[in-house]
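> Next one to model:
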Amino acid sequence: MATISIKPSRPQTHLVVALRACAGAFGLVFLYSCGYNLFLLAPSIYLLQIYDRVMSSRSADTLLMLTIIIAVAVLVGSMLDIVRRAALSRIGSWLDHRLRPMVLTASFEYATLADTGSATECYRDLASLRQFLDSPASSLFFDVPWAPVFLLLLFLVHPLLGTIGLLSAVALLFFAFLTEVATKEPLTQANFALSSSYLRFATALKNIEVIRAMGMQDGAAQIVYRDAEMARKAQDVAMHRTEIILGFSKSIRTLAQILMMGSATWLVLENSGSPGIIFVSSLLLGRGLAPIEGAIGAWRSLTFARNAFNRLNRMLITVASQHGGLTVPMPEPNGLVLDNVGYIVPFANRPILSGITLRLAPGDCVALIGPSGSGKSTLGRIMAGVVPATNGCVLLGGVDISALRLCGGTRHVGYLPQDIELFGGAIKDVIGRLDGGDPGKAIDAAKLVGLHEAIMRLPRGYETDIGEGGNLLLRAQRQQLGLARAAYGNPSLIVLDDPNSSLDYDGERMLFKAIERMKSRGMTIVIITHRMGILPVTNKIAIMRDGTLAAFGDSDRIYDTYLQPPSRTGT
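Down below sits the predicted model:
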């Protein structure tokens, strides 16, 4: 028996591993920042040298040489700043390039575990992380560790000046902490409301035809606008609180600057020291407080980036937890087995499915029938591996269907849902499940469902573009293409949910012939239907009632026992 392996889960996600791979690059950025901040000392040194050397010697040559040296230092510092910003941008681009395929795949998986809105938001979070690395805020945080260095230099100039600088830095750090506390809740509310608004907007666009036909535009717009307005109000609250705190922090810095210059002047008067310390102390205080004050202004960007990282990492952990380090055998053609399958939605009063047990052999075709709400479509989604069963198991060829899905073995399953979504442009890509595989398999699938001749009559044949989501096709044509996609690659199991809902008489005849061909190839077929006309192509019937299997067996026996209308006798 052939096997396929599921990679063992790692203690860290791909995001953490990728960031650790960037440790060397971040180290270089830190070195660039060290050089940049060292060169920021140039104006202070320049002022001291002017007061200590130029003013005493009154030498124009000394002034010229000092000016040239300091000018070069300033230019080199500016170049280092440009280089580190470019490096951070390259790191963001590399992370995006490396993580985008993994995050996209994980988002698809996460959509089945959580909801599409959360998956969409997590996918956008990768772009948010890159935007943060591209922004000036990211380089600013590399300057924060240098604030203590500038404050230490103030202590070397005089302890009083150092104490003033330290107290000013502590006050600004308090404002930074206050910003975090004051904006955390409104920013969380804004993110949730904005995500809800995007999800509702996407749903409205998906159902735009119904909305327009029934005049629901204004109502739908109002619902979307309501969530967007909640997000705006929460963002405004966070922004206003940040502005107030930032205003106070600027006042504290200005007062600290005045106090620093006044104290330095007093020291010059008392100790007859160099007047240069007045300007040097002011510059050192400004350099020491600038990163902290800038961090307060950029705190919102840092909060967004941190939340994006946490959401993205949490999604990757959740998806990775579904994988195990097991070797899964490839399914062999011995049919489908459902063993005590149950399904319950969290916080629901009663299970949607319970105790479903049945066995289908290769080539079997079962009709899954029952009243609306009996759990037919849910059971079909579980059979297809779209959602996992809450309890029990679904085995295809002796292999759990969930394990097949996690390790990429879903090529053994074909699925035609009620709402048919077609991705890809060309017909051959649509049928071929977007895998870029052998076009011969796409042609074989089209022939299997009786669609080949119709495709060949098109001007470009299998290269014909069907439009985004198949919007250039009629629903019946989309349904036929979806059936061909389900049959692509001769899967062991095919689940068809209401496959003849949009077909006319000729379309149904074509569908019945396609099902007979699938049966002859040994495929196990599950048909979820409300229309009894499809029963002649089945050899098994399963009747669902209230989430349980009320009856299951050969078609003739089940039909005669449960579905045959009572005969009327005259008197």
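
> mean confidence score for stretch 379-392?
Across stretch 379-392, pLDDT averages out at 86.

> ok, now stretch 204-218?
73.

> Now find how far off-centre it is within its chain.
27 Å (C-alpha atoms, centre = their mean, to the nearest Å).

> And the pLDDT for residue 286?
82.

> How many residues are close by residue 88?
23 (other C-beta atoms under 10 Å). For every residue, glycine as well, the C-beta is placed using N, CA and C.

> Check whether it really touches residue 29, as I assumed.
Yes - Residue 88 is in contact with residue 29 according to C-beta atoms under 8 Å; the separation is 6.0 Å.

> ok now do residue 51, which residues does it touch?
Residues near residue 51 by C-beta atoms under 8 Å, 6 or more residues apart in numbering: 274, 275, 276.

> which among those residues end up buried?
Among the contacts of residue 51, those scoring as buried are residue 276 (criterion: 16 or more other C-beta atoms under 10 Å).

> closest to residue 106 among the contacts of residue 51?
Lowest distance from residue 106 to the contacts of residue 51 (C-beta to C-beta) belongs to residue 276, with 58.8 Å.

> how far away is that closest one from residue 50?
Distance, residue 276 to residue 50, by C-beta to C-beta, to the nearest Å: 7 Å.

> coming back round to it: now do the shared contacts for residue 88 and residue 29.
Common neighbours of residue 88 and residue 29 (C-beta under 8 Å, 6+ apart) are residue 139.

> Excluding residues flanking it in the chain, which one is nearest the residue nearest the centre of the chain?
Per C-alpha atoms, centre = their mean, the C-alpha nearest to the average position across the chain is that of residue 123, at 2.1 Å. Distances taken as C-beta to C-beta, 6 or more residues apart in numbering place residue 107 nearest to residue 123, at 4.4 Å, with adjacent residues excluded.

> what pLDDT, on average, does the helix or strand harbouring the one you found get?
Secondary structure assignment for residue 107, by DSSP states H and E: helix 60-113. Confidence for helix 60-113, expressed as mean pLDDT, is 85.

> again, but for stretch 452-465
Here the average pLDDT along stretch 452-465 is 83.

> Give me the distance between the two termini of it.
End-to-end span of stretch 452-465 (C-alpha to C-alpha, to the nearest Å): 16 Å.

> Count the residues that sit near residue 16.
15.

> could you check the distance from it over to residue 313?
Taking C-beta to C-beta, one finds residue 16 at 7 Å from residue 313.

> Tell me where the stretch 101-250 of the chain has helices.
116-134, 136-143, 147-157, 159-206, 208-213, 217-271 (DSSP state H, counting those that start in this stretch).

> Same check on the stretch 401-550 of the chain?
Counting by DSSP H, counting those that start in this stretch, the helices of the stretch 401-550 of the chain are 401-406, 427-431, 439-448, 452-456, 475-487, 505-520.

> right, and these - which one's nearest residue 166?
The nearest among the helices of the stretch 401-550 of the chain, by C-beta to C-beta, is helix 401-406 at 55.3 Å.

> pLDDT of that closest one, averaged?
70.

> picking up where we left off before, okay, and which of the contacts of residue 51 map to helices?
In helices, defined here by DSSP state H, the members of these are residue 276.

> All set now, cheers.
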